[in-house]
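Engineer: Below is the structure, and that's it, no one-letter string:
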């Protein structure tokens, strides 16, 4: 299963699709032009069924195989379509034309690679059953994967296994990384609103200073990782927002702090929530302030199923050789809403090497078009091997 030669012939076409998408980034569920672009390409390729509006603005294409047997087998291949609210700073020929928005995570490339695979699969059809190509909105914080699952996508199209792929800066071009079990973390957020008693900065004894509550609480929250979590249980808690005060001679009435919690197990996830709430309550009470804690559960842990992870790794190894596939990749603390699809169906999520580039979510990031043949070949070989097994 080496790189498919056809993708070398189509490389310019697929790169052009990618760059068109890069120039026209859209956020979360507002991916109407992107979804229309995807829909038009799928229809041009002769995809048998193209359904729009799944999970608000998602697109699903169904490609029927030409081989006999396995008519009830359906494998899903997923790409994300949305961009990020980041200002692009590189002057690329295909730079974003939308101020304050850019494809800083490579979803333009993910979409283009899956379109390339759909073109090939619709032309050759050398598989049993059906391939469902899934183009998802709102991966960046909007839980578009959950929206598509909740919209009945898996049952509606009879999807039995589902697979995802993401580019990874720092991983060499022509390599893949995967692991069975937890691959990416759960990501939850918290907001703590503190109410003290404001007053003149020269008379702190007549006030309840929310700044003091904030400082003590930020320090205490870090002890959850160092003193409550077991050393071998991964957890990251980051306070990323602190807002209080407007001038130098006033002790403010209120303060707010917020942040994110990353974990790999339900036990650690629950521990963090309980301890943040307990610390907020007791520290605020110690200073005489009142507190309100908001805690929102975000994307769950992305858990690769063992058999499907092995199958995906075998396909990748068939393309780039075994030595270029890391089958025991280090789990990442980033989160991914493909997790919802893996909760609904068995499957696996794999990283494809992006090479030496700016990191994800960086204003200088750009998807590496050199990886297109590897990604397209992976999708095609994965679909064919899964359905023809």
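Structural biologist: Done, it's in. Source: prediction; values computed, not measured.

Engineer: Report the beta-bridge partners for residue 181.
Structural biologist: For residue 181, the beta-bridge partners under DSSP bridges are residue 304.

Engineer: Could you check how many residues crowd around it?
Structural biologist: Residues lying near residue 181 (other CB atoms under 10 Å) number 14. Any C-beta I mention is one placed from the backbone N, CA and C, and that applies to glycine too.

Engineer: Report the separation between it and residue 266.
Structural biologist: According to CB to CB, to the nearest Å, residue 181 and residue 266 sit 14 Å apart.

Engineer: what's the answer for residue 191, then?
Structural biologist: Per CB to CB, residue 191 is found 22 Å from residue 266.

Engineer: same check, this time on residue 63
Structural biologist: Counting by CB to CB, the separation of residue 63 from residue 266 is 37 Å.

Engineer: Please identify which of these two sits among more neighbours.
Structural biologist: Per other CB under 10 Å, whichever of residue 63 and residue 266 has more neighbours is residue 63, with 27 against 11.

Engineer: Regarding the more buried one, what is its secondary structure?
Structural biologist: Per DSSP: H, G, I helix; E, B strand; the rest coil, the local secondary structure of residue 63 is strand.

Engineer: Which residue is the nearest non-sequential neighbour of it?
Structural biologist: Leaving aside its sequence neighbours, residue 63 sits nearest to residue 131 (CB to CB, 6 or more residues apart in numbering; 4.6 Å).

Engineer: is it true that that neighbour lies in a strand?
Structural biologist: Yes: looking at residue 131 with three-state DSSP, it is inside a strand.

Engineer: what sits against it?
Structural biologist: Neighbour list for residue 131: 62, 63, 65, 74, 75, 76, 77, 118, 121, 383, 387 [criterion: CB atoms under 8 Å, 6 or more residues apart in numbering].

Engineer: Who are the contact partners of the third one?
Structural biologist: Taking CB under 8 Å, 6+ apart as the definition of contact, the neighbours of residue 65 are 125, 126, 127, 128, 129, 130, 131, 387.

Engineer: Grab the two from these that are most spread out in space.
Structural biologist: Maximum pairwise distance among the contacts of residue 65 (CB to CB): 13.3 Å, between 126 and 130.

Engineer: ok, the residue most central in space within the chain to residue 145 distance?
Structural biologist: Central residue of the chain (CA atoms, centre = their mean): residue 336, 3.2 Å from the mean position. Computed with CB to CB, the distance linking residue 336 and residue 145 is 8 Å.

Engineer: shared neighbours of these two, anything?
Structural biologist: Common contact partners of residue 336 and residue 145 (CB under 8 Å, 6+ apart): residue 139.

Engineer: partner residues bridging the nearest residue to residue 88 once chain neighbours are set aside?
Structural biologist: Of all residues not flanking residue 88 in the chain, residue 102 sits nearest, at 3.9 Å (CB to CB, 6+ apart). Residue 102 has these beta-bridge partners by DSSP bridges: residue 84.

Engineer: same thing with residue 135?
Structural biologist: Bridge pairing for residue 135 (DSSP bridges) gives the partners residue 59, residue 79.

Engineer: doesn't residue 76 make contact with it?
Structural biologist: No: using CB atoms under 8 Å as the test, residue 135 is too far from residue 76 to be in contact (11.2 Å).

Engineer: Comparing the two, which residue is more hemmed in?
Structural biologist: With neighbours defined as other CB under 10 Å, residue 135 and residue 76 compare such that residue 135 has more, 31 against 26.

Engineer: how close does that one get to residue 169?
Structural biologist: Separation of residue 135 from residue 169 (CB to CB) stands at 23 Å.

Engineer: returning to what we had before: so which of the contacts of residue 131 are in strands?
Structural biologist: The strands, defined by DSSP state E, take in 62, 63, 74, 75, 76, 77 from the contacts of residue 131.

Engineer: Give me the distance between the third one and residue 151.
Structural biologist: Note on residue 74: its distance to residue 151, by CB to CB, is 16 Å.

Engineer: And the second one, by the same measure?
Structural biologist: Counting by CB to CB, the separation of residue 63 from residue 151 is 20 Å.

Engineer: where's stretch 265-281 relative to the chain centroid, distance-wise?
Structural biologist: Averaging C-alpha positions (CA atoms, centre = their mean, to the nearest Å) puts stretch 265-281 24 Å from its chain's average.

Engineer: same question, stretch 344-354
Structural biologist: Relative to the centre of its chain, stretch 344-354 is centred 11 Å away, using CA atoms, centre = their mean.

Engineer: And stretch 80-92, what's buried?
Structural biologist: When burial is assessed from 16 or more other CB atoms under 10 Å, stretch 80-92 yields the following buried residues: 80, 81, 82, 83, 84, 86, 88.

Engineer: Tell me the one among the residues you listed nearest to residue 13.
Structural biologist: The shortest approach to residue 13 among those belongs to residue 81, at 18.5 Å (CB to CB).

Engineer: could you say what helices and strands the longest helix anywhere in the chain packs with?
Structural biologist: For the chain, the helix with the greatest residue count under DSSP state H is helix 266-287. Under the contact definition 3 or more CB pairs under 8 Å, 6 or more residues apart in numbering; DSSP states H and E, helix 266-287 sits against strand 186-195, helix 210-223, strand 235-244, strand 254-263, strand 290-296.

Engineer: and these as a markdown table, adding mean pLDDT?
Structural biologist: Conversion of those to a markdown table gives the following (pLDDT from 0 to 100):
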| stretch | mean pLDDT |
| --- | --- |
| strand 186-195 | 98 |
| helix 210-223 | 97 |
| strand 235-244 | 97 |
| strand 254-263 | 98 |
| strand 290-296 | 97 |
